[in-house]
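could you look at this predicted model? Sequence included:
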Amino acid sequence: MKKILITGGAGFIGSHVVRLFVNKYADAQIVNLDALTYAGNLENLKDVQDAPNYRFVKGDITDEQFIDQLFEKESFDAVIHLAAESHVDRSIMDPLSFVKTNILGTAVLLNAARKYWKDFSNKLFYHVSTDEVYGSLGESGFFTEQTPYDPHSPYSASKASSDHLVKAYFDTYGLPVVISNCSNNYGSYQFPEKLLPLMINNIIHSKPLPVYGKGDNVRDWLWVEDHARAIDVIFHQGKLGETYNIGGFNEWKNIDIVHLLCTIMDKKLNRPEGESAKLITFVKDRAGHDKRYAIDATKLNKDLGWKPSLQFEEGMEKTIDWYLANGEWIENVTSGAYKEYYKDQYVSR
Ligand code: NAD
Ligand code: TYD
């Protein structure tokens with residue numbers, strides 16, 4: 001029976017990974033370690049919280065003593081590490097918390113695995129990372145696993161740094177690791193500060209839709225459940241020491257995706273055509289704003305057979321329907337500290 005530690009399991013992607021593993025691997029024990037920051041919410045896991053193979057532990061990955069004790073006590077077979085500060089705009093306002101959680105936190109986990117795993121056979125430290133470590137693309141080309149790292153935001157620099165630490169533990173200590181770098185995710189349970197849920201929520205409430213700069217930055221969107229499936233595939237079949245890029249070959253300019261959202265939501269909310277698009281407001285650009293991300297996921301497809309399951313339009317419909325049906329979730333996760341942050345953010349734009 002395998003005992004798998006999933007960090008950041010109460011967050012957006014983490015909750016989908018926890019759900020997939022708890023439901024699919026009844027004979028594994030899934031331990032979800034999360035500090036429950038503003039971005040982590042146990043409401044994301046209501047449907048699996050009582051499963052016999054699931055357990056939640058509240059804790060901070062930067063707390064070395066706590067993490068050491070946890071590893072000593074629990075004898076994990078594997079780690080899937082997702083816990084992180086994840087929002088670029090926040091990293092611009094408060095870079096040190098990103099350095100602390102994303103770099104120090106990853107180092108603390110790696111070090112605990114190094115110290116408490118008696119031998120490394122049949123162990124795995126899986127580090128979940130982002131395509132933003134590769135920097136920004138021009139009009140053409142894709143990020144491959146060979147693209148040199150060139151991060152620009154404090155967020156992407158902290159993730160790049162954590163990736164390097166993971167690779168260093170493989171090269172230096174032989175710690176069995178695997179890394180994946182994924183493009184922008186969308187889907188249910190995403191905190192409404194990221195582009196898509198923020199826009200959906202603002203359209204529902206007829207609030208301005210803040211588009212940075214000219215809206216011509218490009219992101220490559222993947223349905224979160226396809227990311228979780230990719231993590232499952234890499235977890236079980238990935239080659240140690242390797243990196244796998246994950247993406248859906250699905251590039252969109254921000255302004256186009258916002259218009260698409262407006263069109264779909266006018267229909268769903270019975271508004272006259274063009275009504276929601278009137279809310280679009282161009283605001284000051286993000287500092288250091290990466291122009292274009294686009295992932296080449298050929299290696300993952302060729303070597304491990306993964307491909308995305310959903311067409312984007314279908315995924316968007318599902319996502320919008322989920323947010324429309326879960327107003328209470330939005331209300332709950334955006335109350336308190338987040339409300340204050342969001343108010344200030346909007347005023348400063
Ligand atoms: P998220 O912000 O929704 O969730 C992060 C989770 O980590 C939260 O539950 C939070 O409580 C927890 N956490 C934060 N600091 C912690 C700490 N010190 N100790 C323990 N737990 C802590 O993030 P997400 O969007 O789900 O991203 C998850 C991972 O995937 C991150 O590592 C991120 O870099 C990576 N990633 C995200 C995307 C994306 O589009 N969202 C794309 C590629 C990679
Ligand atoms: P985001 O969801 O923050 O993801 P990331 O910056 O990690 O790619 O932003 C996606 C894109 O949308 C990015 O180019 C910035 C832009 N954006 C806006 O135009 N307005 C917004 O309010 C937000 C949050 C993002």
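Yep, it's here. Ligands and ions are numbered 1, 2, ... in the order given.

share the number of residues neighbouring the residue in the stretch 1-150 of the chain that ligand 2 sits nearest to, please.
The minimum distance from the stretch 1-150 of the chain to ligand 2, using Cβ to the nearest ligand atom, falls at Val88 (4.1 Å). Where you see a C-beta, it was placed from the backbone N, CA and C, and this is true even at glycine. Neighbour count for Val88, taken as other Cβ atoms under 10 Å: 21.

quick check: pLDDT value at it.
Val88 carries a pLDDT value of 97.

please apply the same query to His236.
At His236, pLDDT is 97.

surely it is in a helix?
Yes - using DSSP: H, G, I helix; E, B strand; the rest coil, the assignment for His236 is a helix.

any idea how far it is from Asp163?
21 Å (Cβ to Cβ, to the nearest Å).

so between these two, which is more surrounded?
Under the neighbour definition other Cβ under 10 Å, His236 and Asp163 were set side by side, and Asp163 has more, 21 against 10.

nearest spatial neighbour of that one, skipping sequence neighbours?
Computed as Cβ to Cβ, 6 or more residues apart in numbering, the closest residue to Asp163 that is not its neighbour in sequence is Ser129, at 5.2 Å.

is whichever strand or helix holds that neighbour anywhere near ligand 1?
Using DSSP states H and E, Ser129 falls within strand 124-130. Yes - contact of strand 124-130 with ligand 1 (Cβ under 6 Å from any ligand atom) involves 128-130.

most neighbours, which of these?
Busiest of these [other Cβ under 10 Å] is Val128, holding 26 neighbours.

how far away is the spatially most distant residue from the centre of the chain from Asp266?
What lies farthest from the middle of the chain is Pro272; by Cα atoms, centre = their mean that is 34.4 Å. Separation of Pro272 from Asp266 (Cβ to Cβ): 7 Å.

and the next element down the chain from the strand holding Ser129?
Next element after strand 124-130 (DSSP H and E): helix 154-173.

leaving out chain neighbours, which residue sits closest to Ser97?
Glu85 (5.7 Å).

go ahead and list the helix or strand containing the one you found.
Here Glu85 is assigned to no helix or strand, by DSSP H and E.

what does stretch 321-338 rub up against?
With Cβ atoms under 8 Å, 6 or more residues apart in numbering as the test, stretch 321-338 has contacts from 38, 41, 43, 187-189, 191-193, 197, 200-201, 204, 268, 342.

give me the phi and psi for the residue nearest to Ile61 when sequence neighbours are not counted.
Spatial nearest neighbour of Ile61, chain neighbours left out: Gly105 (3.7 Å); criterion: Cβ to Cβ, 6+ apart. Per-residue torsions, Gly105: phi -60, psi -40 (degrees, to the nearest 10).

domain-wise, how is the chain divided?
3-186+221-246, 195-218+253-289+312-342 (automatic domain parsing).

brilliant, that's me finished.
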